[in-house]
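Trainee: Need the 3D shape of this:
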Amino acid sequence: MRVHVVLTPAELGADLHSRTAVVIDVFRAATTVVTALAGGCRAIVPALTPEEARKRARAFPRGEVLLAGERGGDPIDGFDLGNSPLEYTAQRVAGKIVVLTTTNGTKALLRAASAAATAVAGLVNVKAVAQWAQDQARDLTLACAGEAGEVSLEDTVCAGLIIDALAGAGALELSDTAAMARGAARDYRHRLDDLRSESHWGRHLLARGRAEDLAACLAVDAWTAVPLFRNGRVAAGQP
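Mentor: This next block holds a predicted model:
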């Protein structure tokens, strides 16, 4: 399997149609998506902008849909939910459609829509996603959501951990960025908590009192859910 890591969404090209893609947004969209689906959310509909999210939400019966998202890490005025995984309890999201727009994660997800198969990953489901990607038997692109078009440390580390999990199942041919991500993962494997203070977005969330969100995002392999993006919706796949 050939493995490539895309460090920012802008690097995603039109060559994904024959590849498996995994979109990574550790702090916090991927963790939120996994948590929502584990809580019984029917599906998550990603939207590029708040205006698009409102438009998409109007396509569903009132009472069956929740508007959710953030800009700059803060909830959007008038939306039902922000982007904190702690908000996505079973009591709140079970049986609902969530229309979600985030600063980085949903943008990366929509850019990866042309892949042969697309999943969502964070630290919370590394092993499950690695097994899923292995089962696809295609070359793999790990797409980091990054931060406002820049590289994010936490997403790069997560990509490297997925590569390490894949390596146990057979030979891999790594691109240079995949090798870099694997090196970052080896550096942080036993000190993932340091990502709170050593990543820019981790510090940003800490400054806004989101320490509990970060703890949820750093819970490695807490879930076996593999969110799959198909036909404009993210729904739970098999681990």
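Trainee: Near Lys107, how many other residues are there?
Mentor: The burial count assigned to Lys107 is 25, neighbours taken as other Cβ atoms under 10 Å. No exception for glycine: its C-beta is placed from N, CA and C like everyone else's.
Trainee: Wait, it touches Ala145, no?
Mentor: Yes - taking Cβ atoms under 8 Å as the definition, Lys107 is a contact partner of Ala145 at 7.2 Å.
Trainee: intersection of neighbour lists for the two?
Mentor: Counting by Cβ atoms under 8 Å, 6 or more residues apart in numbering, the shared contacts of Lys107 and Ala145 are Pro9.
Trainee: Ignoring the adjacent residues along the chain, who's closest to Val129?
Mentor: If the residues on either side of it in the chain are set aside, Val129 comes closest to Ala121, at 4.2 Å by Cβ to Cβ, 6 or more residues apart in numbering.
Trainee: wait, that neighbour sits on Ala30?
Mentor: Yes - here Ala121 lies in contact with Ala30, judged by Cβ under 8 Å, at a distance of 5.8 Å.
Trainee: Quickly list what's touching both of these two.
Mentor: Jointly contacting Ala121 and Ala30 under the rule Cβ under 8 Å, 6+ apart are Val23, Ile24.
Trainee: which parts of the strand ranked longest in the chain are buried?
Mentor: Of all the segments of type strand in the chain, defined by DSSP state E, the longest one is strand 65-71. Neighbour-count burial for strand 65-71 flags Val65, Leu66, Leu67, Ala68, Gly69, Glu70 (criterion: 16 or more other Cβ atoms under 10 Å).
Trainee: element containing the residue nearest the centre of the chain, please.
Mentor: Among the residues of the chain, the one closest to the centroid is Ala30, at 2.8 Å (Cα atoms, centre = their mean). Secondary structure assignment for Ala30, by DSSP states H and E: helix 29-38.
Trainee: now the angle between strand 65-71 and that helix, please.
Mentor: Compare the direction of helix 29-38 with that of strand 65-71 by axes from the mean of the first three to the mean of the last three Cα atoms, to 10 degrees and you get 160 degrees.
Trainee: and helix 29-38, what does it pack onto?
Mentor: Here helix 29-38 touches strand 43-46, strand 97-101, helix 105-111, strand 117-121, helix 211-217, strand 226-230, strand 233-237, going by 3 or more Cβ pairs under 8 Å, 6 or more residues apart in numbering; DSSP states H and E.
Trainee: The helix ranked longest in the chain: how far from the chain's middle?
Mentor: Scanning the chain for the helix with the most residues, using DSSP state H, yields helix 153-167. Using Cα atoms, centre = their mean, to the nearest Å, we find the averaged C-alpha position of helix 153-167 to lie 13 Å away from the chain's own average C-alpha position.
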